[in-house]
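> how would this look folded up:
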Amino acid sequence: MEKSCTLLVHFDKGTPAIATEIKEALEGSDVSAKIDAMKKAISLLLNGETLPQLFITIVRYVLPSEDHTVQKLLLLYLEIIDKKDQKGRVLPEMILICQNLRNNLQHPNEYIRGVTLRFLCRLNETEIIEPLIPSVLQNLEHRHPFIRRNAILAMMAIYKLPHGDQLLVDAPEMIEKVLSTEQDQSAKRNAFLMLFNCDQDRAINYLLTNVDKVSEWGELLQMVVLELIRKVCRTNRGEKGKYIKIIISLLNAPSNAVIYECAGTLVSLSSAPTAIRAAANTYCQLLLSQSDNNVKLIVLDRLNELKSSHREIMVDRIMDVLRALSSPNLDIQRKTLDIVLELITPRNINEVVLMLKKEVMKTQNGELEKNGEYRQMLIQAIHSCAVKFPEVASTVVHLLMDFLGDSNVASAIDVAIFVREIIETNPKLRVSIITRLLDTFYQIRAARVCCCALWIIGEYCLSLSEVESGIATIKQCLGELPFYSISEEGEAPTDASKNSQQPSSVTVSSRRPAILSDGTYATQSAASETAFSPPTIVQGSLAAGNLRSLLLTGDFFLGAVVACTLTKLVLRLEEVQPSRVEVNKVSTQALLIMVSMIQLGQSPVLSHPIDFDSYDRIVLCVRLLCSTGDEVRKIWLQSCRQSFVKMLSEKQLRETEELKAKAQVSYAQPDDLIDFYHLKSRKGMSQLELEDEVQDDLKRATGEFIKDGDDANKLNRVLQLTGFSDPVYAEAYVTVHHYDIVLDVTVINRTTETLQNLCLELATMGDLKLVERPQNYTLAPESSRQIKANIKVSSTETGVIFGNIVYEASNVLERTVVVLNDIHIDIMDYISPAVCTDAAFRSMWAEFEWENKVAVNTIIQSEKDFLDHIIKSTNMKCLTAPSALDGDCGFLAANLYAKSVFGEDALVNVSIEKQLDGKLSGYIRIRSKTQGIALSLGDKITLKQKGGS
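Numbers count the residues shown, from 1 in each chain. Predicted coordinates for the structure are as follows:
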């Protein structure tokens, strides 16, 4: 059986010491050699060696030593050696030790006395301790505080032993006297801790007697007082009123640790608005006063918890929380913005947006390396503010449009998406946004931002002047036509070659598949992701425009977007321009641009030709401008906008549904007792106590105190480990917490004999680790025993726990082994549905290297039913909008997303098709950063996808 150990020492297995060498060193007179020898002996003992021959040597040569280090090592040696024989009796040679310990407790040197008292805290043998008790009690009155505080700890350890209350009968009374006279803060803390652990009533009595002095006590003692208050209030809720006053008084303590604990204790004990307000105030003070980033993150977590349970109180503190944005740490800034965005009300929106605008302005000076990422977070925050409260959009949209040309592509894309949404939801801002966009379009440096901006120009330029400005802007950014010219046969084209010679331009030779929002794949050139350097002078003409430079890197997807935008603008010009001549003139120029782009794509100038999708799109636009029908005009000028409006309304609907789901109300039972505030007796109650009582009554009325004991769910988690005919029956109740699994195993002796040394031996497979081996037990006939085992989990992976029960019976010479059934730990206990944006999903999909591809094999015949079955089986969230899954076309593609408790992301793409025979075929792709989660999810899907059962 493995013994408990109070000591942990690194052991170098490379050069194990030899017992004879240690013995020689101990017998010598060199103190440093003795110290080394003692260290080696302790290391060997901790690693399973017994070294019985050393004991007498140590008694003869080490006990008399006056060196402090040798004496300290001696005590460590005594702590880890076996002091009992096989029958559990104390070894007779331990009497020699006893005399030495008594001498140490009366030693003139304070250090020797202190470490010996500390050693007694870890002794469990009453036979050794009993003769030492008078010496321990004498040390309670020693002049040095180091000795007094260790003497109190020794008394507490002795009192906690199985018959300790008989060894020290009146210990609590003695400690109470010590408390009243003691001046040393650490000794006082130890004394109060002993009363708290050994005689709680005395500790409470002492606390209530000295309630006025609590705020003057030391930090250590105040922490123990808070621990006592928490324990008392948990067992006796009716008493908490008087203790809350103590906590409120401690909120003004000079120690940050104490006020943090006070705030946590207040929140856990009371729901009174005054108490919660005080706690929120304290957290906000700590958030601003502490420089340690870890402390700030912990405090933000506490504020986040407060926000979910007491939102109305946190709303008042929103500006205090926002001040945490001054920290340069991105995690702190992200957490702060997440909290603030859920506390916005019509009353504080203007202040919040003003603060966010100031922060955006600060990011323009490029001092910090992560300014781009921070700016992106701020833009997203302002976006969500403007969506919730459209009236603030006008104050921020023009400021943010300055960042369309941002070098950080992600934040520029966020600005473009924000502008696209605001221009639709705020029609009053349309004219000013379009004017500003046309003025700043030439600054945009990223292809994806250009695409979004072109779509806005195509959809929202409505008047004659806007349409003409839009066409002129695009022509200006494309530069002079053609895009390349061949002066001599075989010569390199001038314009494109000059561009490709620029050392800082982007060269694109690779393509990679991108996943679209409907789950299908498309080829995306790497140029669409990258921004390029400022434009260069070409052929002595005007500076090449941004669209021209991007086209010359081979980005023909952007070319197709340019063609579509020009087509829309020409169609709209036909409606608003009375002169047909002007319309035809512009239409011809647009056709020339499109044909030039196709020519460029088919020329040998670029490293790769135009892709088929972009080619088809541009050709479609050419055909459309040559012959336009009313039906086609309606599709191009109206249907696009209608689809966008529908997408926005669905997004809003989804968000409101999620908010409703979060705000689930708990109800009380019909016959539950409700107290009425106005009928309460107010005798001797402070305002805070009254508030607290009322809040408790409200909780009782709304059913918050009633925890649903889901008994049926509990029974599902009981696993049978052995058969009914086995001599020992065992079953386990498995509880999965975030980072550990607790096995509560019930073992029943089915025989008529006593089973000795019964031990549950467990082993694990996967990323599971057994924390400690359960100890041996003796089981009487027909009796049972509960055995607990803790297992640590380090990643989201399906693990297996297996093992056996070993025991000895009196009539059998050998040990009997009963093999247990395996326990499979389900990955579903670790992953939960989560939400992320389409852009985030795609970037993770491109980045994650582990992919598991599972072929669809199911008896389910409906695509939608199969998707629902997969979502239910994998506990994931479907990111694809319900409208995109409507209808019946025989094909379905959807993206699913979940997050594990360890922060790992799990991405799933379901692509299925209905065959002619009615069966479903296709693939489910799983991607993740780690191999474990991809494999485990794949196994789970393979197991569950059949359906039916």
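
> tell me which residues form a beta bridge with Ala898?
Beta bridges link Ala898 to Pro833, Ala906 when assigned by DSSP bridges.

> so who does it touch?
831-834, 874-877, 905-906, 908 (CB atoms under 8 Å, 6 or more residues apart in numbering). Where you see a C-beta, it was placed from the backbone N, CA and C, and this is true even at glycine.

> Recalculate using a threshold of 10 Å.
Residues near Ala898 by CB atoms under 10 Å, 6 or more residues apart in numbering: 796, 828, 830-834, 871, 874-877, 904-908, 928, 933, 937.

> from what I can see Ser549 touches Arg445, true?
Yes - with contact defined as CB atoms under 10 Å, Ser549 counts as touching Arg445 (8.8 Å).

> ok so, going back, from the contacts of Ala898, which ones fall inside strands?
Using DSSP state E, 831-833, 877, 905-908, 928 are the members of those that sit in strands.

> would a markdown table of those with distance to Gln86 and pLDDT be doable?
Formatted as a markdown table, those follow (distance: CB to CB, whole Å; pLDDT from 0 to 100):
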| residue | distance to Gln86 | pLDDT |
| --- | --- | --- |
| Ile831 | 50 | 83 |
| Ser832 | 51 | 84 |
| Pro833 | 56 | 88 |
| Lys877 | 59 | 89 |
| Asp905 | 55 | 89 |
| Ala906 | 53 | 91 |
| Leu907 | 59 | 93 |
| Val908 | 58 | 94 |
| Ser928 | 53 | 90 |
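
> List buried residues within those.
Listed as buried from those are 831, 877, 905-908, 928; burial here means 16 or more other CB atoms under 10 Å.

> Most widely separated two among the residues you listed?
Lys877 and Ser928 (15.3 Å; CB to CB).

> which residues of the stretch 1-150 of the chain fall in helices?
All helices of the stretch 1-150 of the chain, identified by DSSP state H, counting those that start in this stretch, fall at 19-27, 31-46, 54-61, 68-80, 94-105, 110-120, 126-129, 133-139, 145-159.

> starting at the chain centroid, how far to the longest one?
I take that to be helix 31-46. Offset of helix 31-46 from its chain centre (CA atoms, centre = their mean, to the nearest Å): 45 Å.

> tilt between that helix and helix 54-61?
150 degrees (axes from the mean of the first three to the mean of the last three CA atoms, to 10 degrees).

> helices and strands around helix 31-46, which ones?
Packed against helix 31-46, as judged by 3 or more CB pairs under 10 Å, 6 or more residues apart in numbering; DSSP states H and E, are the following elements: helix 19-27, helix 54-61, helix 68-80.

> how about the CA coordinates for that helix, as CSV?
Written as CSV, here are the backbone C-alpha positions of helix 31-46 (Å, rounded to 0.1, in the frame of the first residue of the first chain):
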residue,chain,number,x,y,z
VAL,A,31,29.5,18.6,9.0
SER,A,32,29.0,19.4,5.2
ALA,A,33,29.6,15.7,4.4
LYS,A,34,26.9,14.8,7.0
ILE,A,35,24.5,17.2,5.4
ASP,A,36,25.0,15.7,1.9
ALA,A,37,24.7,12.2,3.4
MET,A,38,21.4,13.0,5.1
LYS,A,39,20.0,14.6,1.9
LYS,A,40,20.9,11.4,0.0
ALA,A,41,19.4,9.2,2.6
ILE,A,42,16.1,11.2,2.6
SER,A,43,16.0,11.0,-1.3
LEU,A,44,16.4,7.3,-1.2
LEU,A,45,13.8,6.8,1.4
LEU,A,46,11.3,8.9,-0.5
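
> and the angle for that helix with helix 68-80?
Using the same axes, to 10 degrees, helix 31-46 lies at 20 degrees relative to helix 68-80.

> Buried by neighbour count: which residues of helix 31-46 qualify?
34-35, 37-46.

> Could you list which residues are in contact with Asn852?
Residues near Asn852 by CB under 10 Å, 6+ apart: 908, 924-928, 931, 933-939, 941-942.

> partners of it in the sheet?
Note on Asn852: beta-bridge partners by DSSP bridges are Ile926.

> quick one, helices of the stretch 451-600 of the chain?
Ranges of helices in the stretch 451-600 of the chain, per DSSP H, counting those that start in this stretch, are 464-478, 494-501, 546-551, 556-576, 580-602.

> How far off centre is the last one?
So the one you mean is helix 580-602. 54 Å.

> State the mean pLDDT of it.
If you average the pLDDT over helix 580-602, you get 91.

> same thing with stretch 201-217?
On average, stretch 201-217 scores 86.

> what about the nearest residue to His824 once chain neighbours are set aside, is that helix, strand or coil?
Once flanking residues are discounted, His824 sits nearest to Val800: 5.7 Å by CB to CB, 6 or more residues apart in numbering. Following DSSP: H, G, I helix; E, B strand; the rest coil, Val800 is assigned to strand.

> Hmm, Ile741 and Val800 touching each other?
No - in this structure Val800 lies outside contact range of Ile741 using CB under 10 Å: 11.8 Å.

> which neighbours do those two share?
Common neighbours of Val800 and Ile741, using CB under 10 Å, 6+ apart, are 764, 768, 823, 825.

> Please tell me which one of these counts the most neighbours.
When neighbours are counted by other CB atoms under 10 Å, Ile825 leads the shared contacts of Val800 and Ile741 with 23 neighbours.

> Against Thr874, how distant is the nearest residue to that residue once chain neighbours are set aside?
Spatially, and ignoring its direct neighbours in sequence, Ile825 is nearest to Gly799 (4.4 Å; CB to CB, 6+ apart). Distance, Gly799 to Thr874, using CB to CB, to the nearest Å: 18 Å.

> re earlier: in contact with the residue nearest to Ile825, which residues are there?
Residues in contact with Gly799 (CB under 10 Å, 6+ apart) are 741, 764-769, 791, 793, 823-827, 932, 936.

> Now which of these would you call buried?
Taking 16+ other CB under 10 Å as the criterion, what is buried in the contacts of Gly799 is 741, 764, 766-768, 791, 793, 823, 825, 827, 932, 936.

> Low-confidence stretches in the stretch 1-150 of the chain?
Filtered on pLDDT under 70, the stretch 1-150 of the chain yields the residue ranges 1-5, 11-17.

> How about the chain?
Applying pLDDT under 70 to the chain flags residues 1-5, 11-17, 366-369, 486-544, 662-714, 738, 796, 812, 947-949.

> Swap in 50 and give it another go.
Along the chain, the model assigns pLDDT under 50 to residues 1-2, 487-511, 525-543, 665-667, 705-710, 949.

> got the phi/psi numbers for Leu719?
phi -110, psi 130 (degrees, to the nearest 10).
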